[in-house]
Each structure stands twice: as structure tokens, then as C-alpha cells.
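Visitor: quick one, fold the following:
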Amino acid sequence: MTSLPSSPASARIDAWLWAIRAYKTRSAATAACRAGHVRLNGTPAKASATLVTGDKVTVRMPGYERILEVRRLIVKRVGAEVASHCFTDHTPPRPVAPALGIPQRDRGTGRPTKKDRRDMERLRGSA
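Guide: Below you'll find the model as predicted:
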């Protein structure tokens, strides 16, 4: 494991999000801040907002929100394992989509017979 670089006193939020690998590029992190997808301690954050240790950062991703607590400040991009030591992830687990009870025919059984078709219609509630 590589060692963590020395921690600065403060860091820009867009640079930190890029450094911990929340976004692929710094410009993507900046764009997310401009679009209002990033919140710092509950308020919308500009890209130039400064972070200190202990801040809560909420990042809206497609389909879910990540809630991160700043444990260590970094401004240079580092490996994923090293970056994971710089924040605590408080994101709740995503809900599992309920499995639909759609009956499936066995593969290779051919076309449904008239009886099979009537059974399927009865299950669907039509007829």
C-alpha cells in the first residue's frame, strides 16, 4: 500500500471529489457542482468551496446519492485503495428491486399449446 500524501489545511471540493475518484475528471466534478448535484453540509456547494476534515459531502449520482464524510484532505489523484482512506461512506444501501413473478417457459419446449395459452391468460387476469 502506498502512503498517503501530506494533508493540506484546506482543499477545493471539486479537486477533492476528483482525487477520491468520485468523478473521472476534475471538470466533471466542477460541472456537477455547477449543476447543483453536490452539497456541502446540506447546502449547495460551488466548485471553489473549501473543505475541512469532518465536513459532510452529498453527491447526487444517477439513481442514488452518496453521502461522504471527509476524513483526510487530498488534492492529487491517488490509487483507489489509498483514496478510500480519505473519506467515510455513509451512503445507505440501495434498495433491491423486487423480483417480478413472471412465469417463464422452459427453453426448448416449443410453442405453447392451447391449454398453456389459456393457463397463461388466466394468470394474467385476462379472460
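Visitor: got a pLDDT number for M61?
Guide: M61 is assigned a pLDDT of 89 by the prediction.
Visitor: tell me if R39 really is in a helix.
Guide: No: with DSSP: H, G, I helix; E, B strand; the rest coil as the criterion, R39 is assigned strand and is not in a helix.
Visitor: separation between it and D55?
Guide: From R39 over to D55 the distance is 10 Å, taken as C-beta to C-beta, to the nearest Å. Backbone N, C-alpha and C define where each C-beta goes, glycine included.
Visitor: buried set for the host helix or strand of S27?
Guide: Element membership for S27, per DSSP states H and E: helix 26-35. For helix 26-35, a neighbour-count test (16 or more other C-beta atoms under 10 Å) marks R26, A29, T30, A32, C33 as buried.
Visitor: quick check: closest non-adjacent residue to the first one.
Guide: Put plainly, it is R26. W18 (4.2 Å; C-beta to C-beta, 6 or more residues apart in numbering).
Visitor: would you map the strands across this protein?
Guide: 11-12, 38-40, 43-44, 50-51, 56-61, 64-70, 87-89 (DSSP state E).
Visitor: including mean neighbour count, could the ones you listed go into JSON lines?
Guide: Formatted as JSON lines, those follow (neighbours: other C-beta atoms under 10 Å):
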{"stretch": "strand 11-12", "mean neighbour count": "22"}
{"stretch": "strand 38-40", "mean neighbour count": "20"}
{"stretch": "strand 43-44", "mean neighbour count": "11"}
{"stretch": "strand 50-51", "mean neighbour count": "17"}
{"stretch": "strand 56-61", "mean neighbour count": "17"}
{"stretch": "strand 64-70", "mean neighbour count": "15"}
{"stretch": "strand 87-89", "mean neighbour count": "14"}
